[in-house]
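Novice: Here's a sequence, model it:
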Amino acid sequence: MINWSILIKYWDTFMKGFLGTIEVSLIALIASFVLGTIIAVMRIAPVKALNWLGTVYVEFIRNIPLLLVVYFFFLASPALGRPLDGFVAGTIGLTVYTAAFIAEAVRAGIQAVAKGQTEAARSSGLTYIQTMRYIVLPQAIRVVIPPLGNQFLNLVKNSSVLGVVAGLDLMYYADIISTRTFVTFDVYIFVALFYLVLTIPISFGVRYLEKRMARHH
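Specialist: So this is what the prediction gives:
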């Protein structure tokens, strides 16, 4: 039987982790969306150097574990003279990692926009950046809203990696509670329930957007 008294006794501690997970997820979502969009534009830019940098970033980051990315920022920062705490290092690592996947989603959306619109915008005097900003990206983002929603869902679940660097998230506080109570199974069941409170609404929201976009298409 699950010991519900642990949830009641350590409710405040669980809530600290829950709010920390929400905070890191929102920060990383916004930052990774901005960075991912920039990388996506670089990958299709008419400058080979930018194409190469964007491609290297995406292929490198997508093919290494998230934990290593987080460890890099957490362990390398003291050597650079600017030590980062677990929350900051974890948030940066999560942002850098998620941005690679968002970049691919946004790039697909950009390529789905008719090339004639880009050519028309350029012929009317707009620069490449202006064409992306005012013509292409607004349309591309609407196309990739459902995939971006899936990436946000993955981001929330991936935020659990902050627990290994004392990132003040749900997993971090769960480790503290399990150490104090010598109970592990029950504590992590409660953590799973907290994650479900976050991920189930997102999952339903993504499905709704997918159906709506399909009907619109």
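Novice: Walk me through the regions of the chain where pLDDT falls short of the threshold, as ranges.
Specialist: For the chain, the stretches flagged by pLDDT under 70 are 213-217.
Novice: Mind naming the longest helix for it?
Specialist: helix 11-44 (DSSP state H).
Novice: Give me the helices and strands touching that helix, please.
Specialist: If contacts are counted by 3 or more CB pairs under 8 Å, 6 or more residues apart in numbering; DSSP states H and E, helix 11-44 sits against helix 48-62, helix 86-112, helix 145-158, helix 170-181, helix 185-216. (Each C-beta comes from the backbone N, C-alpha and C, glycine too.)
Novice: Could I get the ones you listed in a markdown table, plus columns for distance to residue 70 and mean neighbour count?
Specialist: A markdown table is the format used below for the helices and strands packed on helix 11-44 (distance: least, CB to CB, whole Å; neighbours: other CB atoms under 10 Å):
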| stretch | distance to residue 70 | mean neighbour count |
| --- | --- | --- |
| helix 48-62 | 12 | 14 |
| helix 86-112 | 3 | 22 |
| helix 145-158 | 9 | 19 |
| helix 170-181 | 12 | 19 |
| helix 185-216 | 18 | 14 |
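Novice: Out of those, which gets nearest to residue 124?
Specialist: helix 86-112 (18.9 Å; CB to CB).
Novice: Next, the angle from the closest one to helix 11-44.
Specialist: 40 degrees (axes from the mean of the first three to the mean of the last three CA atoms, to 10 degrees).
Novice: Helix 86-112 packs against which elements?
Specialist: By 3+ CB pairs under 8 Å, 6+ apart, helix 86-112 packs against helix 11-44, helix 48-62, helix 66-79, helix 137-143, helix 145-158.
Novice: right, and those helices - which one's nearest residue 178?
Specialist: Comparing the helices and strands packed on helix 86-112 by CB to CB, helix 11-44 comes nearest, at 11.0 Å.
Novice: Show me which residues of the closest one are buried.
Specialist: Buried residues in helix 11-44, counted by 16 or more other CB atoms under 10 Å: 14, 16-18, 20-21, 24-25, 27-29, 31-33, 35-37, 39-44.
Novice: now the angle between helix 185-216 and that helix, please.
Specialist: 40 degrees.
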